[in-house]
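# need a 3D model of the following:
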Amino acid sequence: MGAVNKPHFQDKRRLALAVAVALAVSTGPAGAAGTASGAAATEAAAATVSVTTYHYDVQRTGWNHGERELNTQNVRSKSFGLVTTVALDAQVDAQPLVLGNVTIAGGPAPGTYTIAYVVTENDTVYAIDTATGNVVLKRNLGAPVPRSALPGKCANNAPTVGITSTPVIDAQSKTLYLIAYTTHAGVPSYELHALNTATLADTMPPVAVSAKHRLADGTTAVFNPSVQRQRPALLEANGTIYAGFGSFCDNAADLSRGWILGWSASTLAPLAANDLTDKLAKSPEDFFLSSVWMSGYGLSSDATGNIYFATGNSDPASYDGQNDIQESVVRESGDLTTLQTLFTPYNAPQLDDRDEDVGAGGVLVIPNSTSVPAAEHLAVVAGKVGGLYLVDRDAMGGYSPNTDHVLQRVTLGGCWCGESFFIGSDNQPRVVTSGGMQVGVWQLQTSPKPALTLQSRSAMLETGQDPGFQTSISSNGDAAGSAVIWAVSRPLSATDLTLRLYAIDPANGATLFEATAGSWGAIGGDASVVPVVANGKVFVASDAQLAIFGLLGAHAAGTALRNVSTVPLLPLAAGSHEFFGTIAALQGTHIALRLRTGSLVRVDATAATRAYRTTTLYPGEAVLIEATGAGRDAFTAFSVQRAKSSPALWWPDR
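Residues are numbered from 1 along each chain as shown. Model (predicted):
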């Protein structure tokens with residue numbers, strides 16, 4: 001590809017300062033896109049770094065430019081390691097957040113702290129002193145929804161579903177926004193809370209999430225919390241809190257769709273408009289979805305407050321780029337009234353038919369620069385098939401059945417993940433990828449035309465479940481040798497549930513540090529754990545614990561990490577069976593399934609298909625089947641769910 005040209009980005013120190021300030025101070029309700037300014041903010045950034053949103057900022061760069069303690073020289077096993085662990089009450093799917101200078105008057109230990117906020121699938125919020133690991137406040141927001149109540153008993157969750165997405169903190173108003181999934185008299189409901197960061201009390205009454213949207217034929221779709229999953233991290237921009245919704249295992253596909261909703265940060269009043277990614281009243285199979293889930297990656301925003309997200313599968317025959325926007329990367333106006341531009345791969349029908357979601361990955365918005373022509377404002381996204389797309393986010397390229405009108409496509413590996421971004425000490429912007437089992441570092445040139453050039457790859461990480469994992473980056477300004485890439489792996493098997501923390505040198509891909517960082521019992525659902533780096537510490541939240549790493553010294557507790565077992569299995573109905581296998585052949589809704597033993601059984605999935613309790617069926621797909629019957633040719637399935645491709649991640653048949 002030739003030499004990488006000096007980028008057209010604004011002076012790196014100006015961009016670095018903007019990122020560092022954004023880390024320390026979030027936008028208030030009147031802000032446009034989450035960037036603060038002024039001398040006070042600069043001083044705060046220089047003192048204590050706060051991480052108030054997913055992946056550090058609204059562009060989702062994953063970059064902490066203000067890390068003054070950790071670097072490539074001291075992040076080594078002799079000087080860096082586990083400092084302490086904190087016991088929690090359930091699995092954590094959300095990224096921890098960090099806020100400095102929090103004065104807590106009540107609770108067991110009044111004082112002023114730098115606090116890590118961690119939320120669990122038991123609907124519990126923890127405020128943890130980052131210096132000691134002591135829990136200074138906690139609050140439970142209600143009864144979470146049991147997995148048995150989910151559509152088709154979706155198996156890629158913890159035993160309960162409570163707070164799944166990453167909250168967002170408005171540092172100016174000292175408000176923590178989150179969405180809790182709770183059950184009232186057995187009926188699931190999503191509730192948006194605005195909590196005081198010093199007390200965890202609601203600053204205003206919580207709001208039950210509800211919405212309606214006009215469909216293409218004039219009828220109305222009503223938001224149904226029983227079939228929608230709120231997985232993407234929350235976003236604060238334009239004085240608004242935004243949330244995306246997908247599905248539980250694509251079950252109830254006749255009812256579940258992708259939603260983008262927003263509420264006023266100051267009042268929690270819903271926006272006048274919302275977005276429905278599938279507005280069709282009918283499709284050939286009444287199969288809707290076009291979910292927004294992105295493996296937990298947050299909705300992103302640019303400097304003018306536009307909103308970015310990616311979508312999953314729908315009915316392959318229903319795409320029209322307007323009323324159904326499956327398998328697409330989307331830019332939308334901040335008021336959610338206008339789809340401004342999108343990109344849909346040329347092979348979208350095939351991706352759709354095989355459930356190979358573009359929307360398995362999030363959209364990284366490359367930070368703006370006034371010196372880059374508008375046509376070269378960039379974003380990147382990757383999905384299940386492992387293609388990383390570099391797009392012009394002002395004109396993403398639309399859809400063509402013959403070719404992709406994007407700036408570049410490079411091959412990674414399957415990406416149930418999201419990218420990161422930083423600028424190195426050589427003033428070169430870089431994109432960090434984590435598809436497959438490797439970290440990749442790509443230099444980004446913007447002249448003579450935008451392009452990515454591979455700089456380094458890590459060794460293969462010890463990681464399992466679906467391909468990909470999450471990363472973040474820390475550096476001390478533009479100091480040479482200060483940039484470190486952090487990653488957390490996924491469990492390898494039903495008997496090896498450990499998660500590992502990796503520190504990687506972006507210059508050459510070398511592993512600087514590797515250690516066990518927790519464990520993950522819900523092997524049916526990916527561990528999309530984001531390592532958070534702030535003030536010389538690394539925070540890794542996993543199954544019922546928070547691990548805190550840092551430079552070793554007198555305060556290192558040497559606490560042992562908690563070992564967990566696989567999530568308890570739900571009881572089976574009398575006469576039913578549960579078994580894993582790979583689809584060897586398919587005729588309509590009749591499956592020839594090859595079990596882990598190598599033997600074949602025949603399964604009639606007609607009833608499950610009619611009840612919208614099946615994944616996309618195709619030869620080679622690994623599935624979990626719940627069925628009745630006995631004998632090799634007499635099984636009738638009432639649920640067919642996608643399974644992890646490795647049999648090592650299957651629990652015992654029964």
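
# show me the helices in this protein, by range?
12-24, 39-47, 348-353, 606-610 (DSSP state H).

# for the longest one, give the mean pLDDT please.
On average, the pLDDT along helix 12-24 is 44.

# now stretch 92-99
98.

# end to end, how far does that stretch reach?
Terminal residues of stretch 92-99 lie 19 Å apart, using Cα to Cα, to the nearest Å.

# cool, stretch 431-442 as well?
Stretch 431-442 end-to-end distance (Cα to Cα) = 5 Å.

# what about that stretch, distance to the chain center?
Distance of stretch 431-442 from its chain centroid, counting by Cα atoms, centre = their mean, to the nearest Å, is 16 Å.

# what pLDDT, on average, does it get?
Mean predicted confidence for stretch 431-442 is 97.

# cool, and stretch 179-199?
In the prediction, stretch 179-199 has an average pLDDT of 97.

# can you check stretch 131-138 too?
96.

# who touches it?
Stretch 131-138 is contacted by residues 83-86, 104, 106-109, 111, 113-115, 124-129, 199-200, 546, 548, 557 when judged by Cβ atoms under 8 Å, 6 or more residues apart in numbering. For glycine as for every other residue, the C-beta is placed from the backbone atoms N, C-alpha and C.

# next one: stretch 198-211
Residues outside stretch 198-211 that contact it (Cβ under 8 Å, 6+ apart): 102-106, 125, 127, 137-139, 174-176, 179, 189-196, 222-223, 225, 230, 243, 259, 261, 263, 267-268, 270, 274.

# could you redo the last one with a cut-off of 6 Å?
102-104, 125, 137, 139, 175, 189-194, 196, 223, 261, 268, 274 (Cβ atoms under 6 Å, 6 or more residues apart in numbering).

# quick one: buried ones out of those?
Using 16 or more other Cβ atoms under 10 Å as the burial test, these include 102, 104, 125, 137, 175, 189-194, 223, 261, 268, 274 as buried.

# looking at those residues, which is nearest V410?
In terms of Cβ to Cβ, no member of the buried ones among the contacts of stretch 198-211 lies closer to V410 than L261, at 33.3 Å.

# could I get the full set of strands for the stretch 501-650 of the chain?
Applying DSSP state E, counting those that start in this stretch to the stretch 501-650 of the chain gives strands spanning 511-519, 532-534, 537-541, 543-551, 576-587, 590-595, 600-604, 622-628, 635-642.

# that older thread, among the buried ones among the contacts of stretch 198-211, which lie within strands?
Using DSSP state E, the subset of the buried ones among the contacts of stretch 198-211 located in strands is V102, I104, V125, L137, T175, S189, Y190, E191, L192, H193, A194, L261.

# make a PyMOL selection of whichever of the contacts of stretch 131-138 turn out to be buried.
Filtering the contacts of stretch 131-138 down to the buried ones (16+ other Cβ under 10 Å) takes a single PyMOL command:
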select buried, resi 83+84+85+86+104+113+114+115+124+125+126+127+128+129+199+200+546+548
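
# give me the subset of the contacts of stretch 131-138 lying in strands.
Those of those lying in strands (DSSP E): 83-86, 104, 111, 113-115, 124-129, 546, 548.

# tell me, how many residues neighbour A510?
Neighbours of A510 under the rule other Cβ atoms under 10 Å: 13.

# ignore what I typed, I meant A585.
12.

# pLDDT wise, what is it at?
Note for A585: predicted pLDDT of 96.

# again, but for A374
48.

# and if you look at L649?
95.

# contact partners for it?
Counting by Cβ under 6 Å, 6+ apart, L649 makes contact with S493, I523.

# now do 8 Å
G464, Q465, P491, S493, A494, I523, G524, A643.

# from S434, how far off is the closest residue in space to the fourth one that isn't next to it in sequence?
Think S493. Excluding its sequence neighbours, the residue lying closest to S493 (Cβ to Cβ, 6 or more residues apart in numbering) is A648, at 3.6 Å. Per Cβ to Cβ, to the nearest Å, A648 is found 21 Å from S434.

# also R231?
Taking Cβ to Cβ, one finds R231 at 18 Å from S434.

# so which of those two has more stuff around it?
S434 (28 against 24).

# quick check, that one in contact with S472.
No. Using Cβ atoms under 8 Å as the test, S434 is too far from S472 to be in contact (10.3 Å).
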